[in-house]
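1. below are the sequence and a predicted model; questions follow.
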Amino acid sequence: MNPLILNDQESELSYAYLHAVAAAAGMSCTVSGRHEDAHGIDATITAWGDWGPEALREVTFNVQLKATVSEPAKGADRLSYSLKGVSRYDALRSEKVSVPRILVVLFLPKDAADWLRHSTDELALLHCAYWVLRGAPPTDNASAVTVYLPTENALSPATLRELASSLANHAIPKYALGTEASR
(Lines give C-alpha, C1' and ligand atoms only; values in the text may rest on other atoms or scores of the structure.)
Protein backbone atom coordinates (compact mmCIF):
# COMPACT_ATOMS: atom_id res chain seq x y z
CA MET A 1 0.00 0.00 0.00
CA ASN A 2 1.33 3.43 -0.95
CA PRO A 3 -0.18 6.25 1.12
CA LEU A 4 -0.69 9.69 -0.36
CA ILE A 5 2.36 11.90 -0.18
CA LEU A 6 2.03 14.86 2.18
CA ASN A 7 1.45 17.39 -0.63
CA ASP A 8 -1.47 15.30 -1.90
CA GLN A 9 -2.89 15.05 1.62
CA GLU A 10 -2.69 18.84 1.97
CA SER A 11 -4.48 19.23 -1.36
CA GLU A 12 -7.25 16.79 -0.41
CA LEU A 13 -7.79 18.62 2.89
CA SER A 14 -8.19 21.91 1.01
CA TYR A 15 -10.95 20.31 -1.08
CA ALA A 16 -12.58 18.91 2.06
CA TYR A 17 -12.45 22.35 3.72
CA LEU A 18 -14.04 24.05 0.70
CA HIS A 19 -16.75 21.39 0.39
CA ALA A 20 -17.60 21.58 4.09
CA VAL A 21 -17.82 25.38 4.12
CA ALA A 22 -19.86 25.51 0.90
CA ALA A 23 -22.27 22.84 2.17
CA ALA A 24 -22.74 24.70 5.46
CA ALA A 25 -23.42 27.88 3.45
CA GLY A 26 -26.07 26.07 1.37
CA MET A 27 -24.04 26.17 -1.85
CA SER A 28 -22.88 23.56 -4.28
CA CYS A 29 -19.20 22.81 -4.73
CA THR A 30 -18.11 20.92 -7.81
CA VAL A 31 -14.58 19.66 -8.32
CA SER A 32 -13.25 20.68 -11.71
CA GLY A 33 -12.01 18.31 -14.35
CA ARG A 34 -8.56 18.19 -15.87
CA HIS A 35 -9.37 20.78 -18.55
CA GLU A 36 -10.41 23.41 -16.00
CA ASP A 37 -7.49 22.44 -13.77
CA ALA A 38 -5.14 23.30 -16.63
CA HIS A 39 -6.59 26.83 -16.42
CA GLY A 40 -6.15 27.15 -12.65
CA ILE A 41 -9.67 26.18 -11.63
CA ASP A 42 -9.91 23.46 -8.99
CA ALA A 43 -13.58 23.84 -8.04
CA THR A 44 -16.71 25.81 -8.86
CA ILE A 45 -19.11 27.22 -6.28
CA THR A 46 -22.73 27.95 -7.18
CA ALA A 47 -25.08 29.80 -4.83
CA TRP A 48 -28.78 30.54 -5.07
CA GLY A 49 -30.72 33.11 -3.12
CA ASP A 50 -32.72 36.29 -2.94
CA TRP A 51 -30.08 38.97 -2.46
CA GLY A 52 -32.26 41.95 -3.34
CA PRO A 53 -34.62 43.24 -6.03
CA GLU A 54 -31.89 43.96 -8.61
CA ALA A 55 -29.67 41.02 -7.67
CA LEU A 56 -29.03 37.87 -9.61
CA ARG A 57 -30.73 34.79 -8.16
CA GLU A 58 -27.81 32.49 -9.00
CA VAL A 59 -24.09 33.19 -8.90
CA THR A 60 -21.11 31.06 -9.79
CA PHE A 61 -17.43 31.57 -9.12
CA ASN A 62 -14.34 29.48 -9.66
CA VAL A 63 -11.78 28.54 -7.04
CA GLN A 64 -8.05 27.88 -7.19
CA LEU A 65 -7.13 25.88 -4.08
CA LYS A 66 -3.78 25.84 -2.33
CA ALA A 67 -2.69 24.34 0.98
CA THR A 68 0.52 24.91 2.88
CA VAL A 69 2.27 24.08 6.10
CA SER A 70 4.55 27.09 5.67
CA GLU A 71 3.98 29.66 8.37
CA PRO A 72 2.68 32.83 6.70
CA ALA A 73 4.26 36.19 7.39
CA LYS A 74 1.60 37.97 9.41
CA GLY A 75 0.84 41.64 9.07
CA ALA A 76 -1.69 43.55 11.14
CA ASP A 77 -4.54 42.44 8.93
CA ARG A 78 -3.12 39.99 6.41
CA LEU A 79 -1.25 36.76 5.78
CA SER A 80 1.19 36.15 2.96
CA TYR A 81 1.43 33.21 0.60
CA SER A 82 4.01 32.59 -2.11
CA LEU A 83 2.05 31.56 -5.19
CA LYS A 84 4.21 29.57 -7.57
CA GLY A 85 3.41 30.04 -11.22
CA VAL A 86 2.99 33.61 -12.39
CA SER A 87 0.58 32.42 -15.11
CA ARG A 88 -1.75 31.19 -12.30
CA TYR A 89 -1.42 34.56 -10.59
CA ASP A 90 -2.24 36.37 -13.83
CA ALA A 91 -5.30 34.15 -14.40
CA LEU A 92 -6.54 34.80 -10.85
CA ARG A 93 -6.05 38.55 -11.02
CA SER A 94 -7.62 38.89 -14.47
CA GLU A 95 -10.77 40.94 -14.80
CA LYS A 96 -11.31 39.63 -18.34
CA VAL A 97 -13.26 36.53 -17.32
CA SER A 98 -17.03 36.23 -17.10
CA VAL A 99 -16.91 33.98 -14.04
CA PRO A 100 -14.97 35.53 -11.14
CA ARG A 101 -12.14 33.52 -9.60
CA ILE A 102 -10.84 33.39 -6.07
CA LEU A 103 -7.69 31.96 -4.58
CA VAL A 104 -8.30 29.95 -1.41
CA VAL A 105 -5.26 29.12 0.72
CA LEU A 106 -5.55 26.64 3.57
CA PHE A 107 -2.87 27.14 6.23
CA LEU A 108 -2.23 23.87 8.04
CA PRO A 109 -0.19 23.12 11.17
CA LYS A 110 3.42 22.09 10.44
CA ASP A 111 2.97 18.61 11.89
CA ALA A 112 0.66 16.41 9.80
CA ALA A 113 -0.49 14.66 12.99
CA ASP A 114 -2.10 17.97 14.02
CA TRP A 115 -4.10 18.55 10.81
CA LEU A 116 -7.23 16.69 11.82
CA ARG A 117 -8.93 15.85 15.10
CA HIS A 118 -11.58 13.18 15.29
CA SER A 119 -13.78 11.96 18.10
CA THR A 120 -17.36 10.84 18.54
CA ASP A 121 -18.20 14.53 19.18
CA GLU A 122 -16.32 16.29 16.40
CA LEU A 123 -14.35 16.20 13.21
CA ALA A 124 -12.09 19.25 13.18
CA LEU A 125 -9.66 20.39 10.53
CA LEU A 126 -7.18 22.65 12.29
CA HIS A 127 -6.29 26.17 11.23
CA CYS A 128 -8.09 28.14 8.56
CA ALA A 129 -8.37 28.99 4.87
CA TYR A 130 -8.50 32.53 3.50
CA TRP A 131 -9.54 33.87 0.14
CA VAL A 132 -8.63 36.75 -2.13
CA LEU A 133 -10.13 37.92 -5.42
CA ARG A 134 -9.09 39.61 -8.64
CA GLY A 135 -7.61 43.00 -9.38
CA ALA A 136 -4.07 42.49 -8.07
CA PRO A 137 -1.25 44.33 -9.83
CA PRO A 138 0.99 42.68 -12.44
CA THR A 139 4.35 41.31 -11.38
CA ASP A 140 7.79 41.27 -12.97
CA ASN A 141 8.66 38.01 -11.22
CA ALA A 142 9.22 34.96 -13.39
CA SER A 143 8.36 32.08 -11.08
CA ALA A 144 6.35 33.18 -8.02
CA VAL A 145 4.59 36.14 -6.45
CA THR A 146 3.64 36.91 -2.87
CA VAL A 147 -0.12 37.19 -2.45
CA TYR A 148 -1.59 38.91 0.61
CA LEU A 149 -4.76 37.43 2.07
CA PRO A 150 -6.79 39.72 4.36
CA THR A 151 -7.52 38.06 7.70
CA GLU A 152 -11.10 39.34 7.39
CA ASN A 153 -11.41 36.95 4.44
CA ALA A 154 -11.31 33.80 6.55
CA LEU A 155 -13.30 31.30 4.49
CA SER A 156 -16.41 30.52 6.53
CA PRO A 157 -20.05 29.90 5.62
CA ALA A 158 -20.82 33.53 6.52
CA THR A 159 -18.03 35.04 4.39
CA LEU A 160 -18.93 32.72 1.50
CA ARG A 161 -22.55 33.95 1.69
CA GLU A 162 -21.30 37.57 1.82
CA LEU A 163 -19.18 36.97 -1.28
CA ALA A 164 -22.14 35.40 -3.12
CA SER A 165 -24.35 38.34 -2.15
CA SER A 166 -21.76 40.83 -3.41
CA LEU A 167 -21.43 38.99 -6.71
CA ALA A 168 -25.23 38.72 -7.05
CA ASN A 169 -25.43 42.50 -6.62
CA HIS A 170 -22.78 43.07 -9.31
CA ALA A 171 -20.20 44.20 -6.75
CA ILE A 172 -17.06 42.19 -7.37
CA PRO A 173 -14.60 42.65 -4.49
CA LYS A 174 -11.12 43.78 -5.50
CA TYR A 175 -7.69 42.87 -4.21
CA ALA A 176 -7.42 45.65 -1.63
CA LEU A 177 -3.80 44.99 -0.73
CA GLY A 178 -2.74 44.82 -4.38
CA THR A 179 -0.39 47.80 -4.23
CA GLU A 180 1.77 45.86 -1.78
CA ALA A 181 2.20 42.68 -3.84
CA SER A 182 5.77 41.54 -4.34
CA ARG A 183 7.29 42.45 -7.62
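-> Thanks, I have the structure now.
2. mind listing residues that contact the longest helix seen in the chain?
-> The residue-count maximum for a helix in the chain (DSSP state H) belongs to helix 6-24. Here helix 6-24 makes contact (Cβ atoms under 8 Å, 6 or more residues apart in numbering) with 4, 28-29, 31, 42-43, 45, 63, 65-69, 104, 106, 108, 112, 115-116, 125, 129, 155-157, 160. Just so you know, the C-beta spots here come from the backbone N, C-alpha and C atoms, and that holds for glycine as well.
3. and that helix, what's buried?
-> The neighbour-count check on helix 6-24 (16 or more other Cβ atoms under 10 Å) flags Q9, E10, S11, L13, S14, Y15, Y17, L18, H19, V21, A22 as buried.
4. cool, and stretch 120-138?
-> Within stretch 120-138, judged by 16+ other Cβ under 10 Å, the buried ones are L125, A129, Y130, W131, V132, L133, R134, A136.
5. what residues are up against the most centrally placed residue in the chain?
-> For the chain, V104 is the residue whose C-alpha lies nearest the centre (Cα atoms, centre = their mean; 1.4 Å). By Cβ under 8 Å, 6+ apart, V104 lies in contact with S14, L18, V63, Q64, L65, K66, A129, Y130, W131, L155.
6. and those residues, which is closest to S94?
-> Of all the contacts of V104, Q64 has the smallest distance to S94: 11.8 Å, by Cβ to Cβ.
7. what is the least confident helix or strand in this structure?
-> helix 34-37 (a mean of 73; mean pLDDT, DSSP states H and E).
8. now do the strands in this structure.
-> Taking DSSP state E as the criterion, the chain carries its strands at 28-31, 43-48, 58-68, 78-84, 101-107, 116-118, 123-125, 128-132, 144-150.
9. where does pLDDT dip in the protein?
-> 1-2, 35, 177-183 (pLDDT under 70).
10. hang on, the earlier thing: distance check, the residue lying closest to the residue nearest to the centre of the chain once chain neighbours are set aside against A154.
-> Residue nearest to V104 in three dimensions, not counting chain neighbours: W131, with 4.8 Å by Cβ to Cβ, 6 or more residues apart in numbering. Counting by Cβ to Cβ, to the nearest Å, the gap from W131 to A154 is 8 Å.
11. ok, now R93?
-> According to Cβ to Cβ, R93 stands 21 Å off from A154.
12. more crowded one of the two?
-> Comparing R93 with A154 by neighbour count (other Cβ atoms under 10 Å), the higher total belongs to R93, at 23 against 15.
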